[in-house]
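> Got a predicted structure plus its sequence, pasted below:
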Amino acid sequence: MRSRRKRLKIKNILLLLAILLVIAIIIFLLTREKKVYMTNVTNMNIDSVKEELNKYNLDISVKYEYDDNIEKGNIVSQSIPEETEIKEGDKLSLVVSRGKLDLKKLKEDGINELGKVPVMMYHGIVDKKSSETAYTGGNVDRDGYNRTTEAFRKDLDFYYENGYRMIKLTDYINGNIDVPYGKSPIVLTFDDGNVNNIKVTGLDDSGNIIIDKNSAVGILEEYKKKYPDFGVTAIFFIHSGLFQQPEYDEKIMKWLVANGYEIGNHTLGHNNLNNTSTSETQKVVGGMYQKLESILGDKYAKIIALPYGNPTSNKHANYPYVVSGEYDGFKYETLGALRVGWEPEVSSYNKDFNPLYIKRCRAYDNNGKEFDIEMVFRMLKNTRYVSDGEVDRIVTSLSNKNLMNPDIKKEIVYYE
Ligand SMILES: [Zn+2]
């Protein structure tokens, strides 16, 4: 009996020890499971790796470099080697591939971001066929300031088919030129706020403006659908008459800004700034900015289209007041000023680019002469800006090096 009880006791102790051992093993395994080890992330996409590593709260920094073998957006190298234990807050730096820097291809494709940019000057768009006018091509008047709807549609097709993509004037001025690889930027401008720029025929049930499909904006909206990658936009330079539709003007202006267009200053009274006093200059320039601000808040472009292109010299006594001044306690500063001009302007990365004295091209027909559309685009064939598709990098030929603005803060790549 005694020895049987003793055996039972030993058996129980052994059983207990076995249970304890199992528990110890489980605890060991559980705590061991909590350790995390770095895996090999090279050649994996940076976005998915970041998402995966997110739960470990690492301090991740990313650097981009060109790489001939690793696909763009994939990881080239990692600072923490594979199988190293990682803890919260550990610093991990990753090098991500920008793809191959193929200088030969950039050259072959004619990439040149020091090339020229056409800033097209339009006024009115008149709903007529070009054959119905008494003037050359799509001109509605002798000088071609007004263009037929037929000609305007043709212009847009021509720009698109020749690889031009629209950008905002503000983006051009700020050196924020963002068009796809191999494409060229173009800017459309409209002066004077003609009714036919954006003719409103009424309001719909929700109180939104109904835009005449044959006004300039009606046609631009049509081209937004026709070519979704056209980047459709334009800037409208207006005076105190706004769009000459008092009932709708404020709604029109807000609609334009909300739909990707810009509105700029054409002075209060379409004034000839060759002949105004300096105080009058500040009144008509500053007063118009003030009017734009009263309707749009800060959502207008601080850009002026000089009426009649005057003053024709930026040495004129009024020029400093085109640039900045004060009227009625309202201080203003102009970021860009447009002339009537005749030819394409240099790239905003060119050291000679002066945003306060930008040349425009007249959008008119003259049988391929005197800087009409045909002539301007013929001139652009070998001189135009051709994008590398990356907004933070500038690519051009080494022969253009002396033209580069030294203050540009972007990465610059030259090919020979
Ligand atoms: Zn004008």
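Structure received.

> Kindly spell out which helices and strands sit in contact with the helix or strand of the chain with the lowest mean pLDDT.
Lowest by mean pLDDT, DSSP states H and E among the helices and strands of the chain is helix 2-33, with a mean of 81. Packing partners of helix 2-33 (3 or more Cβ pairs under 8 Å, 6 or more residues apart in numbering; DSSP states H and E): none among the helices and strands. All C-beta atoms are positioned from the backbone trio N, CA, C, and that covers glycine.

> Can you tell me the SS state at the nearest residue to residue 166 once chain neighbours are set aside?
Spatial nearest neighbour of residue 166, chain neighbours left out: residue 231 (4.4 Å); criterion: Cβ to Cβ, 6 or more residues apart in numbering. When classified by DSSP: H, G, I helix; E, B strand; the rest coil, residue 231 comes out as coil.

> before we move on, back to that, in its sheet, what does the following helix or strand past the least confident helix or strand of the chain sit against?
Later in the chain than helix 2-33, the nearest helix or strand by DSSP states H and E is strand 36-37. Sheet pairing of strand 36-37 (DSSP bridges) gives strand 85-86 (antiparallel).

> model confidence over the partner strand, on average?
For strand 85-86, the mean pLDDT works out to 93.

> now stretch 96-112
Mean predicted confidence for stretch 96-112 is 95.

> Pull out the buried positions in it.
96, 97, 98, 106, 107, 111, 112 (16 or more other Cβ atoms under 10 Å).

> what does that stretch rub up against?
Contact with stretch 96-112 is made by 46, 62-68, 70-76, 181-182, 384-388, 395-397, 400, 413, 415-416, as judged by Cβ atoms under 8 Å, 6 or more residues apart in numbering.

> Mind exporting the C-alpha coordinates of that stretch to CSV?
Taking Å, rounded to 0.1, in the frame of the first residue of the first chain, the C-alpha atoms of stretch 96-112 are listed here in CSV:
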residue,chain,number,x,y,z
VAL,A,96,14.2,53.0,-55.0
SER,A,97,14.8,52.8,-58.7
ARG,A,98,13.9,55.7,-61.0
GLY,A,99,14.4,53.3,-63.9
LYS,A,100,17.1,53.5,-66.5
LEU,A,101,18.6,56.9,-67.4
ASP,A,102,18.7,56.3,-71.1
LEU,A,103,20.5,59.4,-72.5
LYS,A,104,20.5,58.0,-76.0
LYS,A,105,16.7,57.6,-76.0
LEU,A,106,16.1,61.0,-74.5
LYS,A,107,18.2,62.5,-77.3
GLU,A,108,16.6,60.3,-80.0
ASP,A,109,13.1,61.3,-78.8
GLY,A,110,14.1,65.0,-79.0
ILE,A,111,13.4,65.7,-75.3
ASN,A,112,14.2,69.4,-74.8
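
> Assess the claim that residue 230 and residue 161 are in contact.
No - counting by Cβ atoms under 8 Å, residue 230 stays clear of residue 161, with 10.7 Å between them.

> interface residues of the stretch 251-400 of the chain facing the ion?
The stretch 251-400 of the chain has residues residue 307 near the ion, with proximity defined as Cβ under 5 Å from the ion.

> so who does the spatially closest residue to residue 151 that is not a sequence neighbour touch?
Leaving aside its sequence neighbours, residue 151 sits nearest to residue 138 (Cβ to Cβ, 6+ apart; 2.1 Å). Counting by Cβ under 8 Å, 6+ apart, residue 138 touches 130, 144, 147, 148, 150, 151, 152, 154, 155, 364, 365.

> In this structure, which residue is most central in space?
residue 178 (4.8 Å; Cα atoms, centre = their mean).

> Show me where this structure dips below the pLDDT cut-off.
1-2, 31-33 (pLDDT under 70).

> Residue 230 and residue 161: which is more packed in?
Taking other Cβ atoms under 10 Å, residue 230 and residue 161 do not tie; residue 230 has more neighbours (18 against 9).

> how much space between the more buried one and the ion?
26 Å (Cβ to the ion, to the nearest Å).

> for the residue of the stretch 251-400 of the chain found nearest the ion, phi and psi?
Residue nearest to the ion within the stretch 251-400 of the chain (Cβ to the ion): residue 307, separated by 4.7 Å. Per-residue torsions, residue 307: phi -60, psi 130 (degrees, to the nearest 10).

> got the contact list for it?
Per Cβ under 8 Å, 6+ apart, neighbours of residue 307: 191, 239, 266, 267, 270, 271, 272, 273.

> Can you get me a residue count around the residue nearest to residue 175 when sequence neighbours are not counted?
Nearest residue to residue 175 in three dimensions, chain neighbours excluded: residue 348, at 4.4 Å (Cβ to Cβ, 6+ apart). Neighbour count for residue 348, taken as other Cβ under 10 Å: 22.

> that older thread, filter the contacts of stretch 96-112 down to just the ones in helices.
Applying DSSP state H to these, the entries found in helices are residue 46.

> Please indicate which of the contacts of stretch 96-112 are buried?
Buried among the contacts of stretch 96-112 (16+ other Cβ under 10 Å): 46, 64, 67, 70, 74-76, 384-388, 395-397, 400, 413, 415.

> Among those, which ones are in strands?
Members of the buried ones among the contacts of stretch 96-112 lying in strands (criterion: DSSP state E): 64, 75, 76, 395, 396, 397, 413, 415.
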